[in-house]
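Peer 1: coordinates only, no sequence provided:
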Ligand SMILES: Nc1ncnc2c1ncn2[C@@H]1O[C@H](COP(=O)(O)OP(=O)(O)OP(=O)(O)O)[C@@H](O)[C@H]1O
């Protein structure tokens, strides 16, 4: 089955703290067999119990950089001296395993997916307001002040991009979480376009 014949990937984007993980966690919990995340490539060493191809595709730095040069990545970044990234191939693998791949990525990643033949659908999750976004980031308690300010700064361009006409197939304002979830599930499960 091709990715375009019913297993089109779904890209979920929006500012940090807007509630993407909250909504996706619920989607996965309610439909465990339907959805999958892609397996990332990394140059870091496997930890005990990690399985190559399942937890990550473990590759050398040289292999990783060759794949970057061949434009195989949707997004990639370096953290603590190790490289991590998502390839187009890894997304196609999820569809070929009969699942809908969900990508939770930033605007750079969104633009890059649009340059591929993945045939993805795009969901923009927006906060009710910038004030509420800040409140959620603070009350989540996972970030220090510098990280919160960085996320709020990045939020501006995410919002600007998401609000541009044509940037997404659906905009969901995550005001009430039950309503937002219903809108997300309806879009993803109920209105899968047959291409
Ligand atoms: N509708 C909502 N109303 C109030 N609080 C919410 C709502 N949705 C999510 N939250 C809370 O807001 C915080 C941020 O949510 P979450 O971590 O899901 O955001 P995110 O978009 O996945 O962020 P990141 O991109 O940083 O991973 C969490 O504490 C979550 O419980």
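Peer 2: Ah, there it is. Quick caveat, the model's predicted, so the values are computed rather than measured. Residues are numbered from 1 along each chain as shown.
Peer 1: tell me where this protein has strands.
Peer 2: Counting by DSSP state E, one finds strands in the chain at the ranges 10-13, 35-36, 41-42, 57-58, 73-79, 82-87, 100-104, 121-126, 170-173.
Peer 1: could you export those as CSV, including mean neighbour count?
Peer 2: The C-beta positions use only the backbone N, C-alpha and C, and glycine is treated the same way. Converted to CSV, those look like this (neighbours: other CB atoms under 10 Å):
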stretch, mean neighbour count
strand 10-13, 24
strand 35-36, 19
strand 41-42, 22
strand 57-58, 18
strand 73-79, 17
strand 82-87, 20
strand 100-104, 22
strand 121-126, 23
strand 170-173, 18
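Peer 1: now these in JSON lines, with distance to the ligand?
Peer 2: Listed next are the strands of the chain as JSON lines, based on distance: least, CB to the nearest ligand atom, whole Å:
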{"stretch": "strand 10-13", "distance to the ligand": "9"}
{"stretch": "strand 35-36", "distance to the ligand": "16"}
{"stretch": "strand 41-42", "distance to the ligand": "19"}
{"stretch": "strand 57-58", "distance to the ligand": "22"}
{"stretch": "strand 73-79", "distance to the ligand": "13"}
{"stretch": "strand 82-87", "distance to the ligand": "15"}
{"stretch": "strand 100-104", "distance to the ligand": "7"}
{"stretch": "strand 121-126", "distance to the ligand": "7"}
{"stretch": "strand 170-173", "distance to the ligand": "9"}
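Peer 1: which helix runs longest in this structure?
Peer 2: Counting by DSSP state H, the longest helix found in the chain is helix 145-162.
Peer 1: which residues touch stretch 161-176?
Peer 2: Contacts of stretch 161-176 with the rest of the structure, by CB atoms under 8 Å, 6 or more residues apart in numbering, involve 13-14, 18-19, 22-23, 107, 110, 121-128, 180, 183-184, 187.
Peer 1: shaky segments in this structure?
Peer 2: Residue ranges of the chain with pLDDT under 70: 1-6, 191-195.
Peer 1: show me which residues of it sit near the ligand.
Peer 2: Within the chain, the positions near the ligand by CB under 6 Å from any ligand atom are 16-22, 136, 139-140, 174, 176-177, 180.
Peer 1: looking at these, which is nearest residue 76?
Peer 2: Of all the residues of the chain next to the ligand, residue 16 has the smallest distance to residue 76: 18.7 Å, by CB to CB.
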